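Asker: based on what follows, work out the 3D shape:
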Amino acid sequence: MAAITAAMVGELRAKTDAPMMECKKALVEAEGDMERAEEILRVKLGGKASKAASRVTAEGVVASVVVGGVGALIEVNCETDFVTKNDDFIAFANACVKLVAEHNPADVAALAALPLDGSTVETVRAALIGRIGENMSIRRFQRFDTAAKLTSYLHGTRIGVMVEFSAADEQVGKDVAMHIAAMKPVSLSADQVPAELIEKERSVASLKAAESGKPADIVTKMVEGSVQKFLKEVSLLNQTFVKNDKQTVEQMLKSVDASIKSFTMYVVGEGIEKKQDDFAAEVAAQVAAAKQA
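Answerer: All right, here's what the predicted structure looks like:
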């Protein structure tokens, strides 16, 4: 039988987020076969949805659907990247985004109550947690219903963009969606940038300018210049277009008689504090506990 090393246990834990001792037991049972050990853990940890519910879900996928003038974008989270490749998890996310488009639920709770596969979204979610052994949650969604055009762009499964636009050429919307995924603007125009972001930038700029030792009136101009630069960098219309650095997005749109009405971008796990594992410290704690026992 292959020797089970700490490195192997650490690798399996990183892939599955299972408890350290469970990882070691699975590797022993699988005789060192990593893939088989992963499957053993999935079976052993099944039916534990209630215990999983308190664990942070900072990984996941973004899914989208567009049918005519109706579209939806959704983020469904899980605990580890391992699950984002699970066919059942991906199918669940795709089913949920279709329900959003079709039924226009008011919020996540309303979506959870909608029928799915002969039961409800919430029941299917709980059953999936039980089978896979990880916590899962529907974090957010956005629905569009418009007389304009819609297009979506998924960068893998981690970044999703939906754009509501008017243009004779469908490619314009696709190009803008890809630009948004790359440049990550926070708003359509400068006047729509959230006030709290502007104040945060102003505060940082003020501290930097104060260190310059320049007169107060110059400091004020420096701060205002920094804020205006920030607004251009984070507002879509003012950003330099990724496919032509000689134009802003606004200039590109005007050149083809097009316009952007709105957009939504989701980045998986954005703003969620992820758990930081210290495997060495965990091993030391386990050894200390074993000695005390």
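Asker: in the stretch 51-200 of the chain, where is pLDDT below threshold?
Answerer: Low-confidence segments of the stretch 51-200 of the chain, defined by pLDDT under 70: 51-57.
Asker: try 80
Answerer: Along the stretch 51-200 of the chain, the model assigns pLDDT under 80 to residues 51-58.
Asker: helices of that one, start to end?
Answerer: 87-103, 108-112, 121-132, 170-183, 195-210 (DSSP state H, counting those that start in this stretch).
Asker: give me the contact list for the shortest one.
Answerer: The set of residues external to helix 108-112 that reach it, using Cβ atoms under 8 Å, 6 or more residues apart in numbering, is 96, 99-100, 103, 105, 120-122, 125, 138-141. The way it works is simple: take the backbone N, C-alpha and C, and place the C-beta from them, glycine included.
Asker: can you do 7 Å?
Answerer: Helix 108-112 is contacted from outside by 96, 99-100, 105, 120-122, 138, 141, using Cβ atoms under 7 Å, 6 or more residues apart in numbering.
Asker: got it, and the last one?
Answerer: Helix 195-210 is contacted by residues 186, 219, 222-223, 226-227, 230 when judged by Cβ under 7 Å, 6+ apart.
Asker: and the first one, by the same measure?
Answerer: By Cβ under 7 Å, 6+ apart, the list of residues contacting helix 87-103 from outside reads 61, 63-65, 67, 70-72, 74, 76, 78, 83, 111, 114, 116, 121, 124, 128, 132, 138, 141, 143.
Asker: wait, what's in contact with Cys78?
Answerer: Cys78 touches 57, 59-60, 84, 89, 134, 136, counting by Cβ under 7 Å, 6+ apart.
Asker: how does it look with 10 Å?
Answerer: Counting by Cβ atoms under 10 Å, 6 or more residues apart in numbering, Cys78 touches 17, 52, 55, 57-61, 84, 86, 89, 92-93, 128-129, 132, 134-137, 268.
Asker: look up how far Ala209 lies from the residue in the chain sticking out farthest from the centre.
Answerer: Farthest-out residue of the chain from its mean C-alpha position, per Cα atoms, centre = their mean: Pro215, at 44.2 Å. Computed as Cβ to Cβ, to the nearest Å, the Pro215 to Ala209 distance reads 11 Å.
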